[in-house]
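turn this into a model:
(one chain, ligands or ions: 2)
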Amino acid sequence: MNDISAIILAAGKGTRMKSELPKVLHKAGGKPMIAHVLEACRSCGVTRPLLVVGCGAEEVQAVCGEQAAYVEQPVQLGTGHAVMTALPALARERGKVLVLCGDTPLLTAAVLRELLNYARETASACTLLSAFLPDPSGYGRVCRDADGRVLGVVEEKDATPQQKALSEVNTGAYCFDIEALRAVIGQLAPANAQGEYYLTDALALLSARGYAVNALAAQDGTCALGVNDLLQLSQAETVLRRRKNEELMLSGVTITDPQNTYIDCEAEVGAGTIIEPGSYIRGKSVVGRHCRIGPDAEICNSVVGDHTRVFRAVLAEARAGEHCSIGPFAYLRPGAILSDEVKIGDFVEVKKTSVGRGSKIPHLSYVGDSFVGERVNIGCGCVTCNYDGHKKELTVIEDGAFIGSNTNLIAPVTVGREAFVAAGSTITQNVPPDALSVARGRQRNVEGWAKTFREKNGKK
Ligand code: UD1
Ligand code: CA
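Residues are numbered from 1 along each chain as shown. Ligands and ions are numbered 1, 2, ... in the order given. Model (predicted):
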C-alpha cells in the first residue's frame, strides 16, 4: 500500500476545550488523542503522515516526534485551508491520500482499511467515512440525492432544519484521489456561517465536476466521535476503556467490574490475571499472568511479574518479580525493583531500592536508596535515613540480615550478611557479617518508683 499518504489536521486551538493545552494533546485512554490517530494511520500502512500544526505547534511536535512530518498553518482559517497548506508538501505523491482529524481518537485501523478498500472498489475521487448517530448535533450532515448519491456535506451552522434532521454525519475522515483533491482545493471559499474554508465543500465541488463521491457508513458509530470539549473527551475515554477491557477479557483476563476498572490502551495484562474494582493500570505497564490486582490498585508505567498480588497499593515506575505480595497500602515509587517472592506489606514505602529474592518488609517502613539482599527480614517500623539535608546516601542490607523492629539505619551504612540488628536500634556504623548490633539506650528499672509517685499525689 505504498500509494497512500495521509494528512492529519491538528492546527486548531480547541477553543471549546477551555484549556491551555493544544486540543490534540489531551489524553484519552492514557495517551494523547493525536497518538491514537497516528497509530491508526500507521497500522493501515502510512508510516509518516503529514501533520498540519498551528496552535501549540512546538508542543505537538515534541509529543509526536519522528512519527510524523509537519507543515505549519500559522493562521487557522478552516479545515479546507489546512489541507491547502498541506498539499504542496505532498507534491510528489500519487494515488490516495487519507485526510483525518487529530481530534477523533476513536478511529481504528480496521475502519480506515475499510475506507481505503471501499474507495478503491468504488473508484471514488472522494470517499467520506460517515456514521449514523442517534444525536447528530454538532457534526456536518451528509446530504444525498433521491438515489442515495452523495451531494456534499453541510455544516450544522449552515444547515436548514431539514438538513439538521439528517442523522448521517461526517466523521471528518476521508480518502481522496490526491490529483482530484489538488484540482478543487483552490476553489474553496469562506462563504459560510463561520467564514472558514471548509474541506467539506470539496465534496460538492468534486461532485459538480463529475468526480465520483461516495460515503461509507461505519458500522460502529462510536468511531465518529470528534472531541471538541471536555465532555466529549470523557465520552471518548469511556469508549476506549470499554474497548480495552473487552479485548483483555476475551484474551483471558478476569475483570470483575469493568465499569470500575481503568486500563490504558498501551498497558498489557497476561491471561489468568484477575483485576478487581477500583484498579488503574496506566501507561505502558506490563502485568503478568495469574496475578491478582486490586481492589484499589494503581499501577503506573510499572512491571508486575506472574502470580503477583497487588492489593490496595500504588506502583509508580516500579518493577515487581513473580510471586510477590504487595499491599495493602504499600507505595512502590520510581526505582523500586523487587525480585521474586518478595513481600511488601502495609504502610511500606520503597523508593530507588532493589529487594532480593524472598525478602520481607511487612509493616510500616520506609526503605529508600538501598540495596536489600535475599532473605532479608525488615521488622515493623524501620527507616533508612537516607537524606542528610543535602544529599541522598546509600543503605546496604546484605543477604539473610535481620533488622529488628523500629530500627533507624543512618546512611551511608551497611549491615553485613546474616547479621542481626536489635529492635529499636539507631545504626550509624557498619555492622559486620554474622554480628549482633545493639544501638539503643540501656534500660534502667527503678523499683517502687510508681507507687511512691502515686502516694505523693494522694492517689491510692
Ligand atoms: C469538522 C467537519 C465536520 C465533521 C467534524 C467531525 C469541517 C468544515 N467540518 O467539524 O463536517 O462532522 O469535523 O469531527 O471540516 N483544524 C486545522 N486547521 C484549521 C481548522 C481546523 O488544522 O484551520 C483541525 C483541528 O485542529 C481539528 C480538525 O481540524 O483537529 C477539525 O476541526 P474542528 O474545528 O474540530 O472541526 P469541527 O467543527 O469538529
Ligand atoms: Ca472536531
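
could I get the average pLDDT for the longest helix along the chain?
When the chain is scanned for its longest helix (criterion: DSSP state H), the result is helix 230-250. For helix 230-250, mean pLDDT rounds to 98.

can you mark which positions in that helix are buried?
232-233, 235-237, 239-241, 244-245, 248 (16 or more other Cβ atoms under 10 Å). Where C-beta positions appear, they are placed from N, C-alpha and C, glycine not excepted.

for those, which one is nearest ligand 1?
Nearest to ligand 1, judged by Cβ to the nearest ligand atom, of the buried residues of helix 230-250 is residue 232 at 9.5 Å.

that closest one reaches residue 238, doesn't it?
No. Judged on Cβ atoms under 8 Å, residue 232 makes no contact with residue 238 at a distance of 10.5 Å.

re the thing from before, tabulate the buried residues of helix 230-250 in JSON lines, adding columns for distance to residue 209.
Formatted as JSON lines, these follow (distance: Cβ to Cβ, whole Å):
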{"residue": "232", "distance to residue 209": "35"}
{"residue": "233", "distance to residue 209": "38"}
{"residue": "235", "distance to residue 209": "38"}
{"residue": "236", "distance to residue 209": "36"}
{"residue": "237", "distance to residue 209": "41"}
{"residue": "239", "distance to residue 209": "38"}
{"residue": "240", "distance to residue 209": "39"}
{"residue": "241", "distance to residue 209": "44"}
{"residue": "244", "distance to residue 209": "44"}
{"residue": "245", "distance to residue 209": "47"}
{"residue": "248", "distance to residue 209": "49"}
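
contacts with ligand 2 among those, please.
Among the buried residues of helix 230-250, no residue lies close to ligand 2 (Cβ under 5 Å from the ion).

nearest to ligand 2 among the residues you listed?
Nearest to ligand 2 among the buried residues of helix 230-250 is residue 232, at 8.6 Å by Cβ to the ion.

let me see the contact set for the closest one.
225-226 (Cβ atoms under 8 Å, 6 or more residues apart in numbering).

how close does it get to residue 262?
19 Å (Cβ to Cβ, to the nearest Å).

ditto for residue 450
56 Å.

measure the residue of the stretch 351-460 of the chain found nearest ligand 1 to ligand 2 for me?
As assessed by Cβ to the nearest ligand atom, ligand 1 sits closest to residue 351 within the stretch 351-460 of the chain, at 40.2 Å. As defined by Cβ to the ion, to the nearest Å, residue 351 lies at a distance of 42 Å from ligand 2.

so which bits of the stretch 1-150 of the chain are right by ligand 2?
Counting by Cβ under 5 Å from the ion, the stretch 1-150 of the chain sits next to ligand 2 at residue 103.

any low-confidence regions in the stretch 1-150 of the chain?
Along the stretch 1-150 of the chain, the model assigns pLDDT under 70 to residues 1-2.

get me the contact residues on it for ligand 1.
Contact residues (Cβ under 6 Å from any ligand atom) of the stretch 1-150 of the chain with ligand 1: 9-12, 24, 52, 73, 76-79, 81-82, 101-104, 139-140.

what about those residues, which are in strands?
Among these, the members found in strands (DSSP state E) are 9-10, 52, 101.

the stretch 101-250 of the chain: strands as residue ranges?
Listed in chain order, the strands of the stretch 101-250 of the chain (DSSP state E, counting those that start in this stretch) span 126-132, 141-144, 150-154, 168-177, 213-217.

follow-up on the earlier one: residues in contact with the helix or strand just after the longest helix of the chain?
Counting by DSSP states H and E, the element after helix 230-250 in chain order, helix or strand, is strand 254-255. Applying Cβ under 8 Å, 6+ apart, the contact partners of strand 254-255 are 245, 248-249, 261, 273-275.

mind listing the strands strand 254-255 pairs with, and their directions?
Applying DSSP bridges, strand 254-255 is found paired with strand 274-275 (parallel).

other residues contacting the strand it pairs with?
The contact list for strand 274-275 (Cβ under 8 Å, 6+ apart) reads 253-256, 261, 263, 269, 281, 291-294.

which of those has the most neighbours?
residue 281 (30 neighbours; other Cβ atoms under 10 Å).
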